[in-house]
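K.L.:
Provided below for reference: sequence and predicted model.
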Amino acid sequence: MPHTAAYREMFRTSLLIRRVEEKIIDLYPSDKIQSPVHLSIGQEAVSVGLCRALAPGDLVFGTYRSHALYVACGGDLTQMFAELMGRIGGISKGKAGSMHLAYPAGGLMGSSAVVASHIPHAVGSALAAKLHRSGQVVACVFGDGSLEEGVAHESFNYAALKQLPVLFVCENNALAVHSRIDSRQAFSIEAMARMYGFPYQRIDAGYDFEEVHRTSAATIDAIRTGVGPQFLEVATVRAKEHVGTGDDFGVGYRDRASYDAWCAKDPLLQDRATYDALIADIDAEITAAVAAAEASPAPGLEELLTDVL
């Protein structure tokens, strides 16, 4: 059966994210990139499926593993690479780096290096949307490790109490740095979500951007009717080490077999026909963006205190 246009578009965005991050891996040893990086390889489908389901004007907040959300929201690649390189042409003039990417024009209001600190920001934006009757939905994407932070639970409680238009999306890769989820959490995520009264759904095929999109779209449509917050857990995989560009299968806290099983289902690896049809154009786009970013100058001393509140 031939793939739909929507499949091809989401495949392209997912592959663009992966190739951007593979380019980051290539560049990182050169020290051209001036910030730590947390890669999204393996988790692209979550951002792609979710962002395609959002309407213009909707907002999204994310974590320091923010490259995928930035690209899925339509962020400019030259500005992204320039930001990672600390150049004036970056989306935040080189001051934010990889962990604080934002693209307000596309709805990405920000990402934060402090675990769970963006969740109250998303809830506050959802409160504003409700008070102003704007019709906006706010999506808040976080990892499973965020659920161990007190501010997450304070935010869940408030969102439930005020019935705010917010979709909580948990990217569950079952890891927090080197700690497995079963060594960190005495609760089930579903039970926690239902304790706050959130309608809960889980996607086990977190590599499937079509399924993520279908579920996200239906959930977002429900939020627009005024039913209040929703909780979506997506099982996914972190291909690389927590921070940096290397592999860490030899460290001993996870095994290669489970990752290989995931790769056997990953459409970016398995659908070679679509991959081959898109790869040349994607790589050319990335090459041009990197060249333009490298041509951008470093900020001068006059920029030291600009944009500081």
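P.N.:
The structure has been received and is ready for your questions.
K.L.:
how about the helices in the chain?
P.N.:
Ranges of helices in the chain, per DSSP state H, are 5-27, 44-53, 67-72, 77-84, 118-132, 150-162, 189-195, 209-224, 256-263, 267-270, 272-295.
K.L.:
which helices and strands does the fourth one pack with?
P.N.:
In terms of contact count using 3 or more CB pairs under 8 Å, 6 or more residues apart in numbering; DSSP states H and E, helix 77-84 is assigned the packing partners helix 5-27, helix 67-72, helix 272-295. Using the backbone N, CA and C atoms, a C-beta is placed for each residue, glycine as well.
K.L.:
Could you say which one of these comes nearest to K93?
P.N.:
Proximity to K93 (CB to CB) singles out helix 272-295 among the helices and strands packed on helix 77-84, at 12.8 Å.
K.L.:
buried stuff in the closest one?
P.N.:
Residues of helix 272-295 classed as buried under the neighbour-count rule (16 or more other CB atoms under 10 Å) are 274-275, 278, 282, 286, 289-290, 292-293.
K.L.:
just to revisit the earlier point, would you mind putting the helices and strands packed on helix 77-84 into a markdown table with mean pLDDT alongside?
P.N.:
Formatted as a markdown table, the helices and strands packed on helix 77-84 follow (pLDDT from 0 to 100):
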| stretch | mean pLDDT |
| --- | --- |
| helix 5-27 | 98 |
| helix 67-72 | 98 |
| helix 272-295 | 98 |
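K.L.:
would you list these in a markdown table and tack on distance to L127?
P.N.:
Formatted as a markdown table, the helices and strands packed on helix 77-84 follow (distance: least, CB to CB, whole Å):
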| stretch | distance to L127 |
| --- | --- |
| helix 5-27 | 30 |
| helix 67-72 | 22 |
| helix 272-295 | 37 |
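K.L.:
Show me the one of those that comes nearest L161.
P.N.:
Nearest of these to L161, taken as CB to CB: helix 67-72 at 27.2 Å.
K.L.:
picking up where we left off before, tabulate the buried residues of helix 272-295 (TSV), appending distance to F187.
P.N.:
Shown next, in TSV, are the buried residues of helix 272-295 (distance: CB to CB, whole Å):
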residue	distance to F187
T274	40
Y275	39
L278	41
I282	41
I286	41
A289	43
V290	44
A292	47
A293	43
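K.L.:
hmm, back to that, please work out which of the helices of the chain is packed deepest.
P.N.:
helix 67-72 (a mean of 29; mean count of other CB atoms under 10 Å).
K.L.:
Give me the packing partners of that helix, helices and strands only.
P.N.:
helix 5-27, helix 44-53, helix 77-84, strand 108-112.
K.L.:
Can you pull the poorly scored residue ranges out of the protein?
P.N.:
Within the chain, the segments meeting pLDDT under 70 span 1-2.
K.L.:
Repeat the analysis, applying 90 as the threshold.
P.N.:
For the chain, the stretches with pLDDT under 90 are 1-3, 34-35, 250, 252, 255, 258, 301, 303-309.
K.L.:
residue closest to the middle of it?
P.N.:
The centroid of the chain falls nearest to L69 when counting by CA atoms, centre = their mean (3.9 Å).
K.L.:
and of the helices of the chain, who's closest to L305?
P.N.:
Among the helices of the chain, the nearest to L305 by CB to CB is helix 77-84 (18.8 Å).
K.L.:
The closest one vs helix 5-27, what angle?
P.N.:
30 degrees (axes from the mean of the first three to the mean of the last three CA atoms, to 10 degrees).
K.L.:
How far off centre is helix 77-84?
P.N.:
Relative to its parent chain, helix 77-84 has a centroid offset of 16 Å by CA atoms, centre = their mean, to the nearest Å.
K.L.:
Same check on stretch 210-220?
P.N.:
Counting by CA atoms, centre = their mean, stretch 210-220 comes out at 16 Å from the chain centroid.
K.L.:
And the contacts of it?
P.N.:
Contacts to stretch 210-220, defined as CB atoms under 8 Å, 6 or more residues apart in numbering, come from residues 6-7, 10, 45-46, 48-50, 52-55, 58, 137, 139, 167, 169, 199, 201, 203, 205-206, 230, 232, 234.
K.L.:
Of all the helices and strands packed on helix 67-72, which one is nearest N173?
P.N.:
Nearest of the helices and strands packed on helix 67-72 to N173, taken as CB to CB: helix 44-53 at 9.9 Å.
K.L.:
contacts for the closest one?
P.N.:
6, 9-10, 13-14, 17-18, 40, 60, 62, 68-69, 71-73, 107, 139, 141, 169, 171, 206-217, 220, 234, 236, 268.
K.L.:
could you check the angle strand 108-112 makes with it?
P.N.:
Orientation check (the same axes, to 10 degrees): helix 44-53 against strand 108-112 gives 150 degrees.
K.L.:
hang on, R65 packs against S40?
P.N.:
Yes: counting by CB atoms under 8 Å, R65 does reach S40; the two are 5.5 Å apart.
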